[in-house]
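Undergrad: got a predicted structure here, sequence first:
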Amino acid sequence: MQPYTQNRIESFVGRYIDARNHLILQEGEEKKEAVLSMNSPVFFQGYSFFLQRFNPRKKGGMVASQYVVIDIRRDRGVKLTFAGMAAFILGLTAYILLYSQVRNHKGNRT
């Protein structure tokens, strides 16, 4: 558990803001050791592992149950989405370059 260590946000003092989880993932001969935390997902063989929530949220107090909820997803459309974004960026870049060349060419005609 990682506690909040600053004083800027008073309501966060004494609270845990992140939980670092050490994962060992294995499929056949492939093995991966990784650290999963709130803003640091882990990717393994097409699966994405996200830390959704954890408990306890505060230091001290009554003993609360300790748990971590991990969201595991497999989105087969990710590659298609990234290919579409790459095609869009490539097309936009080509448009900007061609537009600037046409504009410069029209300016040189006079």
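TA: Nice, I can see it. Numbering: from 1, shown residues only.
Undergrad: right, and the helix or strand after the longest strand along the chain?
TA: Criterion DSSP state E: the longest strand present in the chain is strand 47-55. Heading C-terminal from strand 47-55, the first helix or strand you meet, by DSSP states H and E, is strand 67-73.
Undergrad: what's next to that following strand, contact-wise?
TA: When contacts are defined by Cβ atoms under 8 Å, 6 or more residues apart in numbering, strand 67-73 is touched by residues 19, 21, 36, 47, 48, 49, 50, 51, 52, 53, 54, 55. Using the backbone N, CA and C atoms, a C-beta is placed for each residue, glycine as well.
Undergrad: just name the closest of those to residue 100, please.
TA: Within these, the smallest distance to residue 100 is 39.1 Å, found for residue 48 (Cβ to Cβ).
Undergrad: please name the residues that touch the closest one.
TA: 41, 42, 72, 73, 74, 75.
Undergrad: tell me what angle the longest strand of the chain forms with strand 67-73.
TA: Interaxial angle, strand 47-55 versus strand 67-73 (axes from the mean of the first three to the mean of the last three Cα atoms, to 10 degrees): 160 degrees.
Undergrad: adjacent strands (with direction) for strand 47-55?
TA: strand 42-44 (antiparallel), strand 67-73 (antiparallel) (DSSP bridges).
Undergrad: brilliant, that's me finished.
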